[in-house]
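J.: after the sequence you'll find the predicted model.
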Amino acid sequence: MTGRTILTAAEMRAAEEAAIAAGTPVEELMERAGKAAAEAIWRFAGPLPALVLCGPGNNGGDGYVIARELAARGVHVRVAALAEPRTPVAAAACASWSGPIEALADAGPAMLLIDALFGTGLGRPLEDETSRILGRLAEQAAVRVAVDLPSGAAADDGAILSPVPDYDLTITFQTLKPSHLLQPAARHMGRLVVADIGIEAASQLGEIGRPKLMAPGPDAHKFSRGLVTVIAGGMAGASVLAAEAAAKAGAGAVRLQAKSFVPGVSAAVIQIPGDPLARLDDSRIGALLLGPGLVEDAEGLLDAALGAGPRLVLDAGALRLLAQRRMDRVEDAILTPHEGEFTALFGTLAGSKVERARAAAVRSGAVIVYKGPDTVVAAPDGRAAIATPPHWLASAGTGDVLAGTIAALRAGGREAFEAACAGVWLHRRAAELAGPGLIADDLVAQLQPALTECL
């Protein structure tokens, strides 16, 4: 996991309190935040006439600093306030703004709308009238910017507490928050900018960033690069997609083990027709993938996979069989459920998607790749990471491609959590390269260019 750090609202408050206790005044933190946000807005939108909406809390205080800083650059700035500042630091920031302050209810539109009404502290819906005014002003603006979080979005679970406009830019401070990447809130964020305000922040939760992979060295051979064995199910096409993806994602060798020869498979995949369970005792196997295309009469395949010893990647039909058995522990495996499979395996768990994935990882002893319009990877030790894949990945077969990609990275020697995160990143990047309208074969074709970006 090489992406940006993510803190919950409570963790961010604790980090701010630690910085204040260490000698950085809260006023200084607000000054840094407002100036950094103003710089980002200036670079993004230029000198458009701006309307800054300020709430009564510290998010509103950031807004007053932003207004002051943009005005100092020559921007025509208006400020509209929902209410008087309710914290001393926000009141001081308000006092530093020398221009007039309109009532939010009376505010007219501007080309650039800056929403500093509410940030990470919001725990309830906006008042109906406030929500209506925000929606109207956002609709009339050419460029919309949110400070920290769009007003109406919860900080930690991606929930929408009241209607949220679509923003072009969201500026947050020091770290991302979960809702910047969790749906449905994430779809409203636009471009995300993280402004450094000098706070120390560490977390076991992060964004899935581009992995750092190594090109094969002079002593590499196909087995040192990783042997992936894919056990084909009754719908062999899904297993072929997974096997082809493993080959394109850097596996040194890929075996497809099916009951009979499968036509149309590339030469990069070694077919072993006959017994799907042949050679599972091969010590060179770096990852064993079971699940794509797995349909009826597969209990024996699952039993053999669970007893084979190599590191497992279990997807699709294998997860269905696990759920039917109510099997809890699959240690050192990687499980890749979508929402329905996750619920079948673990039931209805409480909390955000991150919290549910972490609980499932602890219960199963496996790394969980909880797929969907947001994807969460969680390990039993508490590490977790989030990615927001392109929406056009909602296409048949793309999950099989992801499973094969993860298997290749696992076979190459990467620890399970890191292999899963790297696989999710490659899968997402391949989708971006393939573009809207992709089918699973297009995704496979773009894995190699995506892999090259990581070397």
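T.: Cool, got the structure.

J.: per-residue confidence for Asp297?
T.: Here the pLDDT value assigned to Asp297 is 67.

J.: ugh, wrong one, Pro218
T.: As predicted, Pro218 sits at a pLDDT of 82.

J.: now swap in Met1 and tell me
T.: So Met1 comes in at 56 (pLDDT).

J.: ok, now the one 3 residues further on?
T.: As summarised for this prediction, Arg4 has a pLDDT of 94.

J.: wait, it touches Gln174, no?
T.: No - between Arg4 and Gln174 there is no contact under C-beta atoms under 8 Å: 9.9 Å. Yep, even glycine has a C-beta here, placed from its N, CA and C like the rest.

J.: give me the common contacts of those two.
T.: For the pair Arg4 and Gln174, residues contacting each of them under the criterion C-beta atoms under 8 Å, 6 or more residues apart in numbering are Val194.

J.: just the helices from the stretch 101-250 of the chain, written as ranges.
T.: Listed in chain order, the helices of the stretch 101-250 of the chain (DSSP state H, counting those that start in this stretch) span 128-140, 236-248.

J.: worst mean pLDDT among these?
T.: Note on the helices of the stretch 101-250 of the chain: lowest mean pLDDT is at helix 236-248, with a mean of 95.

J.: on that earlier part again, for the helices of the stretch 101-250 of the chain, give me TSV that also has distance to Val269 and mean neighbour count.
T.: What follows is the helices of the stretch 101-250 of the chain, written out as TSV (distance: least, C-beta to C-beta, whole Å; neighbours: other C-beta atoms under 10 Å):
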stretch	distance to Val269	mean neighbour count
helix 128-140	51	17
helix 236-248	5	29
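
J.: higher neighbour count, Arg4 and Gln174?
T.: Higher neighbour count among Arg4 and Gln174: Gln174, with 23 against 17, using other C-beta atoms under 10 Å.

J.: now the more buried one: how far from Asp374?
T.: To Asp374, Gln174 is 22 Å away according to C-beta to C-beta, to the nearest Å.

J.: which phi and psi does the residue lying closest to Trp42 once chain neighbours are set aside have?
T.: Spatial nearest neighbour of Trp42, excluding adjacent residues (C-beta to C-beta, 6 or more residues apart in numbering): Arg73 at 6.0 Å. Main-chain torsions, Arg73, degrees, to the nearest 10: phi -90, psi 0.

J.: wait, what's in contact with Arg73?
T.: Contact partners of Arg73, counting by C-beta under 8 Å, 6+ apart, are 38, 42, 47.

J.: any idea how far Ala195 is from it?
T.: From Arg73 to Ala195 the distance is 17 Å (C-beta to C-beta).

J.: what residues go with each domain of this protein?
T.: Partitioning the chain according to automatic domain parsing yields domains covering residues 9-205, 227-452.

J.: so how far is Ile101 from the spatially most central residue of the chain?
T.: A centroid search over the chain (C-alpha atoms, centre = their mean) returns Ala387, at 1.8 Å, as the residue closest to the centre. Applying C-beta to C-beta, the value for Ala387 to Ile101 is 41 Å.

J.: ditto for Leu137
T.: As judged by C-beta to C-beta, Leu137 and Ile101 stand 16 Å apart.

J.: kindly report the same for Pro390.
T.: Distance, Pro390 to Ile101, using C-beta to C-beta: 42 Å.
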